[in-house]
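>>> No letters, just coordinates:
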């Protein structure tokens, strides 16, 4: 992705979120230099901030996702089983923009439609070896109600609805009928190691530095 396009997406995303009353924290406005400095040490370590990905495919409008990580615990909390063992993100899934099939080894997450179009999820169960089971039915919790689906079934979330996805659930999703504002509330998030994709793609974008960054992405922290 071109850095100029990433900067544009940041402006577009902020305007979209503001339309639903979602206001980003002060560190969303930090300059790249401040985020690289001592003030940003914990944010860099925990992957807080802006995240825009085309999964390395170079087709953001067709396959991509906007994310902003608001809070995230550390591995020491997870190992202790107490403390900040949770994370929260805001995401935007554009209409018909695919977030490709994946699952997690550690993270359990609640995906909540906070505004805009419907959010459609394609779901599969995981086989004992972690691969996609294309024969088994899928059972997930949606707003404290069990929902049973056939393999590859679609779950449609309208505004205010949610689903709980465990590491045993493969999922892909996209907005339908308009761009969709999503909240993710989860256990500790590690986007560098805890995303298992069905296809050989990357989690982060390859960036063409055609202009200076407006703000750093979490993938810039390394």
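Perfect, thanks for sending it. From a predicted model like this one, the values you see are computed outputs, not experimental measurements.

>>> Which of the helices or strands spans the most centrally placed residue in the chain?
Nearest to the mean C-alpha position of the chain, counting by C-alpha atoms, centre = their mean, stands residue 67 at 5.4 Å. Element membership of residue 67, judged by DSSP states H and E, is strand 65-72.

>>> which residues touch that strand?
The list of residues contacting strand 65-72 from outside it, by C-beta atoms under 8 Å, 6 or more residues apart in numbering, reads 9, 13, 24-25, 28, 46-53, 84, 86-93, 97, 99, 188-189, 218. (C-beta placed from N, C-alpha, C; glycine too.)

>>> buried ones in that strand?
Neighbour-count burial for strand 65-72 flags 65, 66, 67, 68, 69, 70, 72 (criterion: 16 or more other C-beta atoms under 10 Å).

>>> Take the contacts of strand 65-72 and keep only those in strands.
Assigned to strands by DSSP state E, the following of the contacts of strand 65-72 qualify: 49-53, 86-93, 99.

>>> tell me which helix or strand of the protein sits lowest on mean pLDDT?
Across the helices and strands of the chain, mean confidence by mean pLDDT, DSSP states H and E is lowest for helix 75-80: a mean of 89.

>>> Run the chain-centre distance for that one.
Its chain's C-alpha centre lies 22 Å from the corresponding centre of helix 75-80 when counted by C-alpha atoms, centre = their mean, to the nearest Å.

>>> longest single helix anywhere in the protein?
The helix of greatest length in the chain, counted in residues with DSSP state H as the criterion, is given as helix 3-18.

>>> Taking their axis directions, that helix and strand 86-93 sit at what angle?
Taking axes from the mean of the first three to the mean of the last three C-alpha atoms, to 10 degrees, helix 3-18 and strand 86-93 form an angle of 100 degrees between their directions.

>>> In terms of secondary structure, what does helix 3-18 contact?
Judged by 3 or more C-beta pairs under 8 Å, 6 or more residues apart in numbering; DSSP states H and E, helix 3-18 is in contact with strand 49-53, strand 65-72, strand 86-93, strand 169-187.

>>> Can you give me the buried ones in the least confident helix or strand of the chain?
Using 16+ other C-beta under 10 Å as the test for burial, helix 75-80 gives 77, 78.

>>> on that earlier part again, give me the local confidence score for the residue nearest to the centre of the chain.
Looking at residue 67, its pLDDT is 98.

>>> Next, find the distance separating it from residue 136.
Residue 67 sits at a distance of 29 Å from residue 136 (criterion: C-beta to C-beta, to the nearest Å).
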